[in-house]
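Asks: A structural model of the following input is requested.
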Amino acid sequence: MKKAVIAAVCLVTGSTFAQGGVVMVDQGAIYSSSMTEASMEVAVASAYIWRGQVINNDAVIQPQITLSQYGFSANMWMNYDISSNMTGVENNASEFDFALAYSLPVDVNQMAIDVGIINYNFPANGTYDSNGRTIGVKSTTEVYLSATILSFDKFIPSISFFGDIQNVEGSYVLFDIFVPYELSQYVDFAGGYTAGWGNTSYNDHYWTANGVGTFDGDWSDHNFYVTASYEVFEGVTAAATLNYMVLNGDKFRNGASAAGYEADDKVWASLNLAYDF
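Replies: Reported below is the predicted structural model:
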């Protein structure tokens with residue numbers, strides 16, 4: 001495939017970082033055989049799930065655009081809720097994310113290393129519910145470091161560290177194993193598994209009703225996914241992905257209920273259309 005693009009939507013967010021031929025999108029990953037100057041993508045997903053948190057149990061639309069050159073990339077991503085999400089946003093945009101990334105020019109045993117910063121914005125947050133409680137934060141910012149090993153023939157492992165430097169002041173680590181299979185010049189299949197680990201402050205913030213809890217650093221979510229992509233024509237790729245997310249134990253399931261997330265495990269799918277130019 002001249003431009004193999006495989007969308008593996010497993011933790012969907014809009015943060016993008018380039019890794020020398022591998023473009024990772026956190027809570028979803030897009031693996032590409034080569035970088036382009038610009039790309040546009042739109043995804044229609046049956047749910048919005050981020051790091052195990054079911055923010056919307058129903059359909060969403062998630063467009064994004066990425067510009068890249070000389071190892072740098074800039075990404076803008078949006079989530080549009082068709083049906084009401086956990087904070088009551090409906091038929092409106094609930095999140096805008098902006099990311100800057102840099103692929104380090106290193107060659108260490110075919111390992112790609114990337115650094116970046118992500119700013120998350122939630123227009124509907126900071127308001128008040130019927131009980132007078134504040135709904136979430138208006139924005140927060142993370143920095144990250146990612147390492148992807150490209151030396152294996154059959155699979156691609158990676159580890160990514162995210163540290164919040166604004167409101168949460170916690171850390172999240174994402175482990176991913178991705179297994180690609182090229183069926184033909186135009187059709188690719190893939191499968192993978194991801195697991196997320198949060199430290200104490202991260203888990204207390206995201207898995208409690210008020211940000212105060214007794215969580216330890218622990219694995220929070222596990223995700224399994226399969227995906228297929230087809231190069232429709234030069235520069236345009238369509239992909240379909242099936243995902244299964246499950247939380248790690250009763251403490252996180254109870255935390256999901258307390259925090260207002262809409263499910264504690266979920267089978268969901270997405271359709272993606274990407275244009276590289």
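Asks: SS state for the closest residue in space to A258 that isn't next to it in sequence?
Replies: If the residues on either side of it in the chain are set aside, A258 comes closest to A209, at 4.5 Å by C-beta to C-beta, 6 or more residues apart in numbering. Just so you know, the C-beta spots here come from the backbone N, C-alpha and C atoms, and that holds for glycine as well. Judged by DSSP: H, G, I helix; E, B strand; the rest coil, the three-state class of A209 is coil.
Asks: cool, the one 5 residues further on as well?
Replies: Here T214 is coil, with the state taken from three-state DSSP.
Asks: residue contacts, it?
Replies: Contacts of T214 were listed using C-beta atoms under 8 Å, 6 or more residues apart in numbering, and they are D204.
Asks: the nearest residue in space to F155 that is not next to it in sequence sits in which helix or strand?
Replies: Spatially, and ignoring its direct neighbours in sequence, F155 is nearest to V179 (4.7 Å; C-beta to C-beta, 6+ apart). Secondary-structure assignment from DSSP states H and E places V179 in strand 171-182.
Asks: what lines up beside that strand in the sheet?
Replies: strand 156-164 (antiparallel), strand 187-198 (antiparallel) (DSSP bridges).
Asks: now the longest one: average pLDDT?
Replies: Averaging pLDDT along strand 187-198 gives 97.
Asks: could I get it in CSV with only the CA atoms?
Replies: Below are the C-alpha coordinates for strand 187-198, written out as CSV (Å, rounded to 0.1, in the frame of the first residue of the first chain):
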residue,chain,number,x,y,z
VAL,A,187,-5.9,-3.3,2.1
ASP,A,188,-4.4,-3.6,5.6
PHE,A,189,-5.6,-5.4,8.8
ALA,A,190,-4.3,-4.9,12.3
GLY,A,191,-5.0,-5.8,15.9
GLY,A,192,-3.8,-4.6,19.2
TYR,A,193,-4.0,-4.3,22.9
THR,A,194,-3.4,-1.2,25.2
ALA,A,195,-3.3,-0.8,28.9
GLY,A,196,-3.3,2.4,30.9
TRP,A,197,-1.7,3.0,34.3
GLY,A,198,-2.4,6.1,36.4
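Asks: done for today, thanks.
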